[in-house]
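J.: got a structure for you, letters missing:
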């Protein structure tokens, strides 16, 4: 009986962690039906799982009832790579205001590219938001490919910057540059835009400068 309870508990935990991965990987909020299908469980079980995640702040509902990551995960993320976040936060704010674009810091969690930190222009009413905790493959998206080249520079020679068009989220494009962190920690600094930027080189140059400042502060 004890082993059975342990197996049941482990399975529930595994499903909860898998649910968080799926919600975080989704470019848009999810429905319970989609979540249940992705995990491979009955919808009623997905509701119970979601209720537990909501109760602990790991998941939340939008106004339309869809699911997104909760604020508790953002709070936990503050404890991850504290030195990098402390160095990057003021730079991201400055770049976002100067470029009038959402900027974000992406790292690697051992499996995927993960948004660690983001900043939006302070004087814009409408803006594109990149949620911390969002994950996607290193094979897609500008920041993903930057990290991929840091992980395997032989197979994927590093470039000064990467550019992507609607690869991760429909209607959104990104530019990313590498951050040369100590101990070879893979990281990228990126900016999101809806239309092709008018002065792509100016945006790249600003990101490169910010990436250098972040790396210097982390050292």
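T.: Now that the structure is in, tell me what you want to look at. Predicted model, so just to flag it, every value in this text is computed and none were measured.

J.: Would you mind listing where this protein has pLDDT under the threshold?
T.: Residues of the chain meeting the criterion pLDDT under 70: 1-9, 27, 71, 73-81, 124-129, 196-198.

J.: okay, now the domains of it?
T.: Annotated domains of the chain cover 2-70, 78-218 [automatic domain parsing].

J.: Measure how far stretch 13-21 is from the centre of its chain, please.
T.: Taking the mean of its C-alpha atoms, stretch 13-21 sits 17 Å from the chain's own mean (Cα atoms, centre = their mean, to the nearest Å).

J.: Pull out the buried residues from stretch 175-190.
T.: Within stretch 175-190, the residues that count as buried by 16 or more other Cβ atoms under 10 Å are 175-181, 186-190. The C-beta positions use only the backbone N, C-alpha and C, and glycine is treated the same way.

J.: same thing with stretch 60-69?
T.: Neighbour-count burial for stretch 60-69 flags 60, 66-69 (criterion: 16+ other Cβ under 10 Å).

J.: And the residues you listed, which is closest to residue 13?
T.: Among these, residue 69 lies closest to residue 13 (Cβ to Cβ), at 17.5 Å.

J.: and that closest one, what does it touch?
T.: 20, 23-24, 58-60, 131, 133 (Cβ atoms under 8 Å, 6 or more residues apart in numbering).

J.: Please state the backbone phi and psi of it?
T.: Per-residue torsions, residue 69: phi -60, psi 150 (degrees, to the nearest 10).

J.: List the beta-bridge partners for it.
T.: Beta-bridge partners recorded for residue 69 (DSSP bridges): residue 59.

J.: and the gap between it and residue 132?
T.: Per Cβ to Cβ, to the nearest Å, residue 69 is found 8 Å from residue 132.

J.: State the helix or strand in which the residue nearest to the spatial centre of the chain lies.
T.: With distances taken as Cα atoms, centre = their mean, residue 115 lies nearest the centre of the chain, 2.5 Å away. Assessed by DSSP states H and E, residue 115 sits inside strand 113-119.

J.: what's in contact with whichever helix or strand comes after that strand?
T.: Going down the chain from strand 113-119, the next helix or strand is strand 135-136, by DSSP H and E. Strand 135-136 has contacts (Cβ under 8 Å, 6+ apart) with 21, 24-25, 109, 112-115, 144, 168.

J.: Kindly give a single ChimeraX line that selects the buried subset of these.
T.: Applied in ChimeraX, the following selects the buried portion of the contacts of strand 135-136 according to 16+ other Cβ under 10 Å:
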select :21,24,25,112,113,114,115,144,168
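
J.: Between the contacts of strand 135-136, which sits nearest residue 162?
T.: Distances from residue 162 to the contacts of strand 135-136, taken as Cβ to Cβ, are shortest for residue 144 (8.3 Å).
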